[in-house]
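> Give me coordinates for this.
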Amino acid sequence: MSKLEDQFTIHFWGVRGSIACPGAATVRYGGNTPCVEMLVGGYRLIFDAGTGIHVLGRSLLGDLPVSGHLFFSHSHWDHIQGFPFFSPAFMEGNEFDIYGGVIPHGVTIEHRLHDQMNQPNFPVPLQVMGANLRFHNLDYGDRVNLGDVTISTGALNHPGGAMGYRVSWQDYAVAYISDTEHFSDIDRNVLALADRADVLIYDSTYTDQEYYHPQTSKIGWGHSTWQEGVKIAQAAQVKKLVIFHHDPTHDDEFMDAIESQSKQVFAGSIVAREGMEILVSESVSIANCSNRQGGSDSSDSSDSSDSD
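A predicted model of the protein is given here:
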């Protein structure tokens, strides 16, 4: 096993959109809302703080003190609702740098997290958190440099605004695109973030059939489809497309069908599952893990030559 500083891994702690949906029908793909952890170049990057961050936090309790960099795509509930339950943030000695865009009227991510934890929404305020929390405001196009890791940003098409990210390290790149709605033509901001990435994590809340349904259209709801994700992956020449931000009504059988259909048009696609871990290297390898310390069952392994 390589040293942490020489690795680039992605761990999925929450993969649902809109609302958490635990239960027997979602046990294989998971019901927690978005949280993706990347360990890259010796740094811990966390993207969004849906309910999945609660599970991440518990996994870190045996490795204190911890530090990390938490990046928010935006502040809709499903992307911030787990933050008040992120145990390491309550503990002195831990350190977290927190980044997010400024929404209309100058409201910062710090302000939004404060509001979420103020009464009557929550019993204790953010000030109770004992960790050293440092907040950073980002504008579209900003870059954050952490050693030889670069996090680039771009605007996404989502009500109220959202920020996409590209993490670059050595010769590798991963794009995190959640939440966004596609245009009739390929979104140039998304294309730039995804350009020749090893992994593209893409908002695939709906199918095309749901998005364009004549009676229950989702046009204007701020989300995209897995079919549009395939178009982006092909145009950007990415190695691996991760279908992400699953609709809460899509059960395990539905997600099985999406994965089967997506692979028929783009061999490098896979549906995100809670516990799934990706090792970003010359050959992008994927495993399903019950927890960080436990064993894993290999579910897929693919080289860039397998991708369309």
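> And Ser67, what's its pLDDT?
For Ser67, the pLDDT comes out at 97.
> what number of residues lie near it?
Residues lying near Ser67 (other Cβ atoms under 10 Å) number 14. (Each C-beta comes from the backbone N, C-alpha and C, glycine too.)
> which strand residues sit across from the closest residue to it other than its chain neighbours in the sheet?
Among residues not flanking Ser67 along the chain, Glu95 sits closest, at 4.3 Å (Cβ to Cβ, 6 or more residues apart in numbering). Glu95 has these beta-bridge partners by DSSP bridges: Ser67, Asn132.
> Val174: which element?
Here Val174 is covered by strand 172-177, with elements defined by DSSP states H and E.
> Show me what that strand packs onto, helices and strands only.
Applying 3 or more Cβ pairs under 8 Å, 6 or more residues apart in numbering; DSSP states H and E, one finds that strand 172-177 contacts strand 8-14, strand 162-169, helix 188-194, strand 199-203.
> Which strands or helices does the third one pack on?
When you say that, I think you mean helix 188-194. strand 149-156, strand 162-169, strand 172-177, helix 226-236.
> Per-residue pLDDT of the residue nearest in space to the middle of the chain, please?
The residue lying closest to the centre of the chain (Cα atoms, centre = their mean) is Val36, at 4.4 Å. On the pLDDT scale, Val36 is placed at 98.
> same question, the one 4 residues further on
The predicted local distance difference test score for Val40 is 97.
> now swap in Ile219 and tell me
pLDDT, Ile219: 82.
> That one in helix, strand or coil?
For Ile219, the assignment made with DSSP: H, G, I helix; E, B strand; the rest coil gives coil.
> measure the residue nearest to it when sequence neighbours are not counted to Ser204 for me?
Closest residue in space to Ile219, ignoring its immediate chain neighbours: Tyr211 at 6.7 Å, by Cβ to Cβ, 6+ apart. Using Cβ to Cβ, to the nearest Å, we find Tyr211 at a distance of 10 Å from Ser204.
> mind showing which ranges of the chain have poor pLDDT?
Applying pLDDT under 70 to the chain flags the ranges 1-4, 288-308.
> rewinding a little: between the helices and strands packed on strand 172-177, which one is closest to His105.
strand 162-169 (16.3 Å; Cβ to Cβ).
> Show me what the closest one is in contact with.
Residues outside strand 162-169 that contact it (Cβ atoms under 8 Å, 6 or more residues apart in numbering): 8, 38, 40-41, 45, 47, 71-74, 100-101, 138, 140, 148-156, 173-180, 189-190, 193-194, 197, 222.
> ok, 7 Å please
The contact list for strand 162-169 (Cβ atoms under 7 Å, 6 or more residues apart in numbering) reads 8, 38, 40-41, 45, 47, 71, 73-74, 101, 138, 140, 148-156, 173-177, 179-180, 189-190, 193, 197.
> Please apply the same query to stretch 171-191.
Contacts with stretch 171-191, where a contact means Cβ under 7 Å, 6+ apart, come from 8, 10, 34, 36, 38, 47-48, 73-74, 154-158, 162, 164-167, 193-194, 197-203, 222-224, 228, 231-232, 235-236, 244-245, 280.
> Emit the ChimeraX select command for whichever of these are buried.
Command for ChimeraX, covering only those of these found buried under the criterion 16 or more other Cβ atoms under 10 Å:
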select :8,10,34,36,38,47,48,73,74,154,155,156,157,158,162,164,165,166,167,193,194,197,198,199,200,201,202,203,222,223,224,228,231,232,236,244,245,280
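> That concludes my questions; thank you for your assistance.
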